[in-house]
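A.B. asks: Build the 3D model from these lines:
(2 chains)
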Amino acid sequence: MDCQAEVNCGLHLVIQTSSLPEKNKVEFKLNKDTSSFPGRLLQHDLERNYSSRQGDHINLVSSSLSSFPILQRSSEEKILYSDRLSLERQKLTVCPIINGEDHLRLLNFQHNFITRIQNISNLQKLISLDLYDNQIEEISGLSTLRCLRVLLLGKNRIKKISNLENLKSLDVLDLHGNQITKIENINHLCELRVLNLARNFLSHVDNLNGLDSLTELNLRHNQITFVRDVDNLPCLQHLFLSFNNISSFDSVSCLADSSSLSDITFDGNPIAQESWYKHTVLQNMMQLRQLDMKRITEEERRMASVLAKKEEEKKRESHKQSLLKEKKRLTINNVARQWDLQQQRVANIATNEDRKDSDSPQDPCQIDGSTLSAFPEETGPLDSGLNNALQGLSVIDTYLVEVDGDTLSLYGSGALESLDRNWSVQTAGMITTVSFTFIEFDEIVQVLPKLKIKFPNSLHLKFKETNLVMLQQFNALAQLRRIDQLTIDPQGNPVVNFTLWKYYVLFRLSHFSMQKINGTEVTQNDMIMAERLFGILAHVASSELPQYRLISILGDARKKQFQYLLESKGKKPGIINEENNDSKRLVGENTNRATLNYTTRDFYNEKLEEIKEKKKFCKTYIEDLVKEATEINMKNEALQKLWPQMFIELVRDAVIEIRNKNSYMKLCLQQITDQK
Amino acid sequence: MLSPERLALPDYEYLAQRHVLTYMEDAVCQLLENREDISQYGIARFFTEYFNSVCQGTHILFREFSFVQATPHNRVSFLRAFWRCFRTVGNGDLLTMKEYHCLLQLLCPDFPLELTQKAARIVLMDDAMDCLMSFSDFLFAFQIQFYYSEFLDSVAAIYEDLLSGKNPNTVIVPTSSSGQHRQRPALGEAGMLEGVEASLFYQCLENLCDRHKYSCPPPALVKEALSNVQRLTFYGFLMALSKHHGINQALGALPDKGDLMHDPAMDEELERLLLPFLRLAQVPGLVNSVTASPEASCLPSRTPPRVGSPWRPLHHSRKVDGESDASTEETDESET
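C.D. replies: Predicted structure coming up:
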């Protein structure tokens, strides 16, 4: 086989060796390579064991002076192959001393057992040093080889890259098949074009700056999990990362910034198994021409960009969603805090002596334990910065209105105003559930008519933290068109603590025929129980109230229907006739409980205030009447007392007058004439 | 009522004693408030209805607390109304003070919590206020508290005085009762024994009743209540009052304890109200679900009640209406 060695400034480095015709020598002689030495070195895939056969005519003479063998060549060979020396497969365990060959340029020690690089410091013209397949444990002894361009140290036992400081002209560095764990001490190799670190123990890639000429970097068969600094390699075109441990594109994100990369392999990595692998790589590395040793087609690129755009969209959407959610959460927290403060204030007014000082409003973050339970994120004092930020929020976001499919959620009393908005018929029609949170029930009562009109399909009402305290408050719900489900969250609604609240609801709102209360189905037994408990109340409320009271409570609208009902009451109490039932149906609500109303506390107090004036007037009016009556009575009594006397006197006077008929006649005539 | 003594009183006093003026004022006030509605059917009718309702005791329904409290008759009417309306509730579980208060508020929206609390204290002997109470216990205690509230306030003051050793009677009433003028060192030790001595206490009460212008329980009955105890506490006294049948009867608002749950007239009404629901329960397939409203209200008319009550049959029903009212009552009872 002809050995041929060429140095090529291009991509590949190929070294071919060709065998030489053996010369018949009695003594050991060196077989020289034929040199068609145009000055170029080519090297095929450096991993593969490139075949080279070397002649075995080496003259190794053991010297008595040192432990190293001394190499000697015949002068013929020296002349023929003056610049190259091959000591391949010579079973060398040490580097022999090479004398008189100081102009050597190519030195081949492949397939030996050399453990240390030695005795070559005199070969200062060396360009290529091949120590492939030896037992070298440390890079050393190269400090004088300033001209070295090719250093092949594959398949050794090197643990650390070191001692390459002076090799500034290095063009190819092959360290594959070693035990290297870290990339270091190569930053000065600014002429290095090919770096092979395959089959080592690298766990990550960095520290690559300074390799301004590197075009090929082979990192196959390592344990690499992330890659950095590749964007600092301005000439890198080929990067082989097959059979490593890369699982996400983020860990190799620097590749996206490398404009020179055109060929990359990831096969054998976990990332290559992912569904998004191909298009993510393609999308992030637009400059790529070849992936996993296959050319990238236009079609693939197009697909990649489409898919990547979709992912981008999705990410943006989810980001937006999470932003919205965060905002919502903050708003709700804000509303909750306002609510708690408000409740506290009310409670403070109500039970002044019971409150401890720790609830003072100077520290709004410290809320009474009982109300805090629902907001675990509020526990503990917030730092001032966050508090300020939240204060800023509170100015704007004191309420929240949210429409989510068929549910309308209102947080905070400000949200009630949103019912006035122009809701599209479609949206409003879809709403079946309305949820109120952190709003006083009394305020909700006032907007129930609006709710009835604007959201006709709302069938399920939910109340949480709405301060439902009295059974009466449920009366207010009767004015709605229909309710199928009612959910009263125990939190913030003390009324739920009463064992009878559900029955009262069923009783008062029986005309709705509700199906569920707080998630549990309403059974016939429940309805019966409710009627049993409160039926009499309804009966009393309807039949025993005087009519004027009924009318004043029910209002004009119901008057006619109620009058009709009342008229039918005139019949024998034992008979309930059809008409009664019919009218019940017509009215749509059991009229016997229609009188059970709820006026909000404020409204009630207002009314009482108004009545005070009237009461005062009535009092004075009645007093006047009484005075008059007593006066009249007195006068009457006085008259009664005096009357007999007066009567007697009247009679006596009359009798006295008529005693003398004649004179009486004269007197009368006189009176008549006087009258003229 | 029509005794000659009444004519002996001067006018104002007579009116005041019967609280006539209160009702007159209230009537005129109501008239003013609802003049549009009332004017339609005549003022005379209005006054008739008003005073009829006063007589029947229904005038206090859903009225403000200041009116409910205004006269003894109002209070009695209110107690009676409360009993009638919520007797069925009382038939069931025990309830807490707050729940009773809720029920009270259904009849009188601004009923104050303090009164209910005081009533509960009587039942629970000033113990844990969250305990459950039975309807009858609460009702009788509430009766005493509500009807005699002013009286009880004075009694409380007297009790405190007695407890602390002051005897209000030493100054005011020079009766011949023994030991009143003496300093009673025993009273100083009264703190160690519970309450005050019954007889002394009773004397103070008697004097209170004489000069009190508010209504008091009849002294004879009070004496009876205190007769068999040596010493008593304030709440013990109140509890004794509330359990005393005689006082209850004197008030006339509520029936005796044993009859508390009986009210045949109302029971009849209740059964009538329940009838549609019970019929519904017996239709197969509807036992555990409530159908939509139109059907529910139609159903009673579709399934005619038959035996035992004068319902008019509307049309044939497939249901066997062999159950009489009696049997439905039985099932009711077994359900409760």
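
A.B. asks: Least confident secondary structure element in the chain?
C.D. replies: No chain was given, so I picked chain A. helix A:369-372 (a mean of 30; mean pLDDT, DSSP states H and E).

A.B. asks: Oops, wrong one, chain B.
C.D. replies: The weakest-scoring helix or strand in chain B, judged by mean pLDDT, DSSP H and E, is helix B:293-302 (a mean of 31).

A.B. asks: so for the stretch of helix or strand A:Asp624 belongs to, what's the average pLDDT?
C.D. replies: If you go by DSSP states H and E, A:Asp624 is part of helix A:601-658. Mean pLDDT, helix A:601-658: 86.

A.B. asks: Show me what it is packed up against.
C.D. replies: helix A:661-675, helix B:11-17, helix B:20-33 (3 or more Cβ pairs under 8 Å, 6 or more residues apart in numbering or on different chains; DSSP states H and E). No exception for glycine: its C-beta is placed from N, CA and C like everyone else's.

A.B. asks: So which of these is nearest A:Asp263?
C.D. replies: Each of those has some distance to A:Asp263 by Cβ to Cβ; the shortest is helix B:20-33, at 95.5 Å.

A.B. asks: hey, where'd the strands end up in the stretch 201-336 of chain B?
C.D. replies: Applying DSSP state E, counting those that start in this stretch to the stretch 201-336 of chain B gives strands spanning B:231-232.

A.B. asks: what residue ranges in it are flagged as low confidence?
C.D. replies: Across the stretch 201-336 of chain B, the ranges flagged by pLDDT under 70 are B:212-214, B:280-336.

A.B. asks: Swap in 80 and give it another go.
C.D. replies: B:201-234, B:236, B:245-336 (pLDDT under 80).

A.B. asks: Strands of the stretch 301-450 of chain A, start to end?
C.D. replies: So, for the stretch 301-450 of chain A - with DSSP E, counting those that start in this stretch - the strands run A:400-404, A:407-411, A:433-437.

A.B. asks: what's the least confident stretch among these?
C.D. replies: When the strands of the stretch 301-450 of chain A are compared on mean pLDDT, strand A:400-404 scores lowest, with a mean of 82.

A.B. asks: What strands flank that strand, and is each parallel or antiparallel?
C.D. replies: Here strand A:400-404 is paired, per DSSP bridges, with strand A:407-411 (antiparallel).

A.B. asks: Report the angle between the partner strand and strand A:433-437.
C.D. replies: If you take axes from the mean of the first three to the mean of the last three Cα atoms, to 10 degrees, strand A:407-411 sits at 10 degrees to strand A:433-437.

A.B. asks: And strand A:407-411, how far out from the chain middle?
C.D. replies: Its chain's average C-alpha position is 20 Å from that of strand A:407-411, according to Cα atoms, centre = their mean, to the nearest Å.

A.B. asks: ok, now stretch A:313-331?
C.D. replies: Mean C-alpha position of stretch A:313-331 versus that of the full chain (Cα atoms, centre = their mean) differs by 6 Å.

A.B. asks: Now it: buried residues?
C.D. replies: Buried residues in stretch A:313-331, counting neighbours by 16 or more other Cβ atoms under 10 Å in any protein chain shown, are found at A:Thr331.

A.B. asks: Now it: average pLDDT?
C.D. replies: Mean pLDDT, stretch A:313-331: 89.

A.B. asks: CA-only coordinates of it in PDB, if you can.
C.D. replies: Extracted in PDB, the C-alpha atoms of stretch A:313-331 (Å, rounded to 0.1, in the frame of the first residue of the first chain):
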ATOM      1  CA  GLU A 313     -49.300  31.500  19.500                       C
ATOM      2  CA  LYS A 314     -50.100  28.900  22.200                       C
ATOM      3  CA  LYS A 315     -47.500  30.200  24.500                       C
ATOM      4  CA  ARG A 316     -48.700  33.800  24.000                       C
ATOM      5  CA  GLU A 317     -52.200  32.700  24.700                       C
ATOM      6  CA  SER A 318     -51.300  30.800  27.800                       C
ATOM      7  CA  HIS A 319     -49.100  33.700  29.000                       C
ATOM      8  CA  LYS A 320     -52.000  36.000  28.400                       C
ATOM      9  CA  GLN A 321     -54.300  33.700  30.300                       C
ATOM     10  CA  SER A 322     -51.900  33.400  33.200                       C
ATOM     11  CA  LEU A 323     -51.600  37.200  33.300                       C
ATOM     12  CA  LEU A 324     -55.300  37.500  33.300                       C
ATOM     13  CA  LYS A 325     -55.600  34.900  36.000                       C
ATOM     14  CA  GLU A 326     -53.000  36.700  38.100                       C
ATOM     15  CA  LYS A 327     -54.800  40.000  37.700                       C
ATOM     16  CA  LYS A 328     -58.100  38.300  38.600                       C
ATOM     17  CA  ARG A 329     -56.500  36.800  41.700                       C
ATOM     18  CA  LEU A 330     -55.100  40.000  42.800                       C
ATOM     19  CA  THR A 331     -58.300  41.800  42.300                       C
END
